[in-house]
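K.L.:
sharing a model that was predicted from the sequence below.
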Amino acid sequence: QKEVEQDPGPLSVPEGAIVSLNCTYSNSAFQYFMWYRQYSRKGPELLMYTYSSGNKEDGRFTAQVDKSSKYISLFIRDSQPSDSATYLCAINSGYALNFGKGTSLLVTP
Amino acid sequence: DTEVTQTPKHLVMGMTNKKSLKCEQHMGHRAMYWYKQKAKKPPELMFVYSYEKLSINESVPSRFSPECPNSSLLNLHLHALQPEDSALYLCASSQVEDRGDGYTFGSGTRLTVV
């Protein structure tokens, strides 16, 4: 079983919609959880990180971690066409990042 | 300066060539990484440097040779590559090796092996 599972999509939503992106992971020892956004032909950009369980909010973005079910989520409110990108969840395995496959998001005007 | 700078942005090389990818950061980060990313796939770890010493080599073929001349610079030397090595090569840095809150990626070098 892969350490981090993420549905690759693609996910297409209309502008203004709430987007929910999710990952599951296998190792309960993981402590640091991140979401990266990657535009085509660019490097990943850190959007949010969370240590242990709980919620973290930054503008239109909310990251949630539920360690009891090994489930992490990213919510995007009032989605914009500029949010169209691939979203990668990542977990620090102790010395580097384990990435999910990435979910391709398209926000249509 | 909050960036990781990678050069060149694009590189085309023949299978007999020798080339180098360069990465630079001035954030005082003590861990630096090379990742490889194929199209529509997530980044895959290649090497980790911690305090300028190689700490992790993810069983990468010897045709890829990393070097960390100082705490701000990371190189990846390439020799006798194969067409399947064509990918986006990403450099990243973080304050220390075992945290998750400060990984900064460069824009990558898009490598094509012909």
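P.N.:
Alright, I've got the coordinates.

K.L.:
report the beta-bridge partner residues of the residue of chain A found nearest chain B.
P.N.:
Closest residue of chain A to chain B, C-beta to the nearest C-beta: residue A:32 (2.5 Å). For every residue, glycine as well, the C-beta is placed using N, CA and C. Going by DSSP bridges, residue A:32 is paired in beta bridges with residue A:51.

K.L.:
what number of residues lie near it?
P.N.:
When counting by other C-beta atoms under 10 Å in any protein chain shown, one arrives at 20 neighbours for residue A:32.

K.L.:
isn't it up against residue A:46?
P.N.:
No: using C-beta atoms under 8 Å, residue A:32 is not in contact with residue A:46; the gap is 11.5 Å.

K.L.:
contact residues of chain A facing chain B?
P.N.:
Within chain A, the positions lying close to chain B (C-beta under 8 Å from any C-beta of the partner chain) are A:8, A:31-34, A:36, A:41-46, A:49, A:51, A:88, A:90-92, A:94-97, A:99-102.

K.L.:
can you pull up the most central residue in chain B?
P.N.:
residue B:34 (3.0 Å; C-alpha atoms, centre = their mean).

K.L.:
quick check: the nearest residue to residue B:73 once chain neighbours are set aside vs chain A, distance?
P.N.:
Of all residues not flanking residue B:73 in the chain, residue B:24 sits nearest, at 5.6 Å (C-beta to C-beta, 6 or more residues apart in numbering or on different chains). Residue B:24 sits 14 Å away from chain A, going by C-beta to the nearest C-beta, to the nearest Å.

K.L.:
who touches residue B:24 in this structure?
P.N.:
By C-beta atoms under 8 Å, 6 or more residues apart in numbering or on different chains, the contact set of residue B:24 is B:4, B:5, B:6, B:72, B:73, B:74.

K.L.:
fine, thanks again, bye for now.
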